[in-house]
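Novice: Need a 3D model of the sequence below.
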Amino acid sequence: MWLAAQAVAGCTQPLPSDSAAEPRTEAIYVLAGGWHTQLALPMSLIGDGTVALKPDFPGTRYLVFGWGARDYYMATGPGLAEALGAVLPGPAVMLVMALPAAPVSSDDASLVFISRQGAERLSRWLWDELAKERDGRPRRIAAGPYPQSIFYAASGRYDITHTCNTWTAEALRVAGLPVSAAGVIFADQVTGQLPPFATPGPVLPRLSH
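Specialist: Residues are numbered from 1 along each chain as shown. Predicted coordinates:
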């Protein structure tokens, strides 16, 4: 229990250097539904190795990236057994889904602005979060639950101290937003930090960590 508490309370990773001076001009979305958060990025911001996903989603304008416990996330009707299994450390999976248009801003879809440099870092980070085949391609596991959605193996591990919401907060920090990932377990711990970034801005405040 002590080790778990230490992990939850641990210091969040430092922000990228000079990110506070980067103009925030690029719009992305944080989608929330119940326990879960995920990111929606326009195809124009997806670069680096992550462009290898584009042929799997022809004609789409946005890609949604969600991360979670493999057995729970992929279950057709997850129940108590899958929920209890997700408490323990285990393999993670990434669900990538196509959207034909931008999400409509609402309580479930938060618009935030990041810099162009932040979008490049985020693309590289998302690519690193995907497990690869020997030939370097992302490892597809199965079709997802929605039209034009695919489950890919993820390189990280899921547990109660590192949930989908911890992952989302980490992604936003990689992109240069000074949100904290330390102690983040639930969706509202992510969405509650987003209002300051809902409009474009040239300079971001730095948080202590």
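
Novice: In stretch 104-111, which residues are buried?
Specialist: Asp108, Ser110, Leu111 (16 or more other Cβ atoms under 10 Å). Backbone N, C-alpha and C define where each C-beta goes, glycine included.

Novice: mean confidence score for it?
Specialist: Mean pLDDT, computed over stretch 104-111, is 89.

Novice: Next: stretch 163-183.
Specialist: 96.

Novice: Report pLDDT for the residue nearest to Arg137 when sequence neighbours are not counted.
Specialist: Once flanking residues are discounted, Arg137 sits nearest to Ala52: 6.5 Å by Cβ to Cβ, 6 or more residues apart in numbering. For Ala52, the model assigns a pLDDT of 94.

Novice: Would you mind measuring from the most centrally placed residue in the chain to Leu31?
Specialist: The centroid of the chain falls nearest to Thr168 when counting by Cα atoms, centre = their mean (3.8 Å). Applying Cβ to Cβ, to the nearest Å, the value for Thr168 to Leu31 is 9 Å.

Novice: between the two, what contacts are shared?
Specialist: Each of Thr37, Gln38, Leu39 lies in contact with both Thr168 and Leu31 under the rule Cβ atoms under 8 Å, 6 or more residues apart in numbering.
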